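Q: I would like the atomic coordinates for the input below:
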Amino acid sequence: MAEPAVGPSNAVFGQAATFNTDVGFSLDVSPDKKAFTATFGGLEISLGPESTPVVTRMFSFTLPLSGVDYGAEIPFFVQGFVFCEKGANAHLVFSINDQTTVVDFPENSDTSFLQQLNYSVGSASEIRLTLILFADRDSKSKAQAKLTVDTIDTDAAKVRPESKAPTMS
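A: Numbering: from 1, shown residues only. Take a look at the predicted model:
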């Protein structure tokens, strides 16, 4: 099945987060309110040789959303870096409202990443976005891992009308 054409959208985001947890970030909403970039200063986890075998970190924020049709898809892009030695793994859980996806980074990962996640709009009047970062290893291992999220961004001009394309699950 061919993907639907990207067309103009009336979707707009609020100018400021209405809630956010205690992680330093800046939110840049475009003048037309159709796009935003959240830039993080320190949203990361590190699994060091002497740390516990599991480390976690969570971040959430909400942002008003209006003018978008039920079932339309909004692409979100998460960018960051991951490093995992042999014997360690890292994981990114990304949730928007009632939709969640997990990205697993296996041992021997050492790369920047850009992950696209498609949010299928429901009836909510806001985006409730949550990230959970965690890394793990065997408790007898000294393997190290690091996972950093630098930015999350989206552009409502790229909203797809209701489709049967895969969404976050």
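
Q: Confidence-wise, which helix or strand of the chain is lowest on average?
A: Within the chain, judged by mean pLDDT, DSSP states H and E, the helix or strand with the poorest mean is strand 19-20; its value is a mean of 84.

Q: residues in contact with Leu63?
A: Phe13, Gly14, Ala16, Ala17, Thr18, Leu27, Phe36, Glu126, Ile127, Leu129 (C-beta atoms under 8 Å, 6 or more residues apart in numbering). The C-beta positions use only the backbone N, C-alpha and C, and glycine is treated the same way.

Q: which of these count as buried?
A: For the contacts of Leu63, a burial check counting by 16 or more other C-beta atoms under 10 Å picks out Phe13, Gly14, Ala17, Leu27, Phe36, Glu126, Ile127, Leu129.

Q: Which one of these is nearest to Gly80?
A: Nearest to Gly80 among those: Leu129, at 14.8 Å, using C-beta to C-beta.

Q: Give the next helix or strand downstream of the least confident helix or strand of the chain.
A: Counting by DSSP states H and E, the next helix or strand C-terminal to strand 19-20 is strand 25-29.

Q: Could I get the buried residue list for that next one?
A: Neighbour counts using 16+ other C-beta under 10 Å place Phe25, Leu27, Val29 of strand 25-29 among the buried residues.

Q: Quick check: of the residues you listed, which lies closest to Thr151?
A: Nearest to Thr151, judged by C-beta to C-beta, of the buried residues of strand 25-29 is Phe25 at 9.3 Å.

Q: which residue sits closest to that closest one, ignoring its sequence neighbours?
A: Spatial nearest neighbour of Phe25, excluding adjacent residues (C-beta to C-beta, 6 or more residues apart in numbering): Phe40 at 4.8 Å.

Q: distance of the residue lying farthest from the centre of the chain from Pro53?
A: Distance from the C-alpha centroid of the chain, by C-alpha atoms, centre = their mean, peaks at Lys140 (31.2 Å). Relative to Pro53, Lys140 is positioned 9 Å away (C-beta to C-beta, to the nearest Å).

Q: Cool, thanks, talk later.
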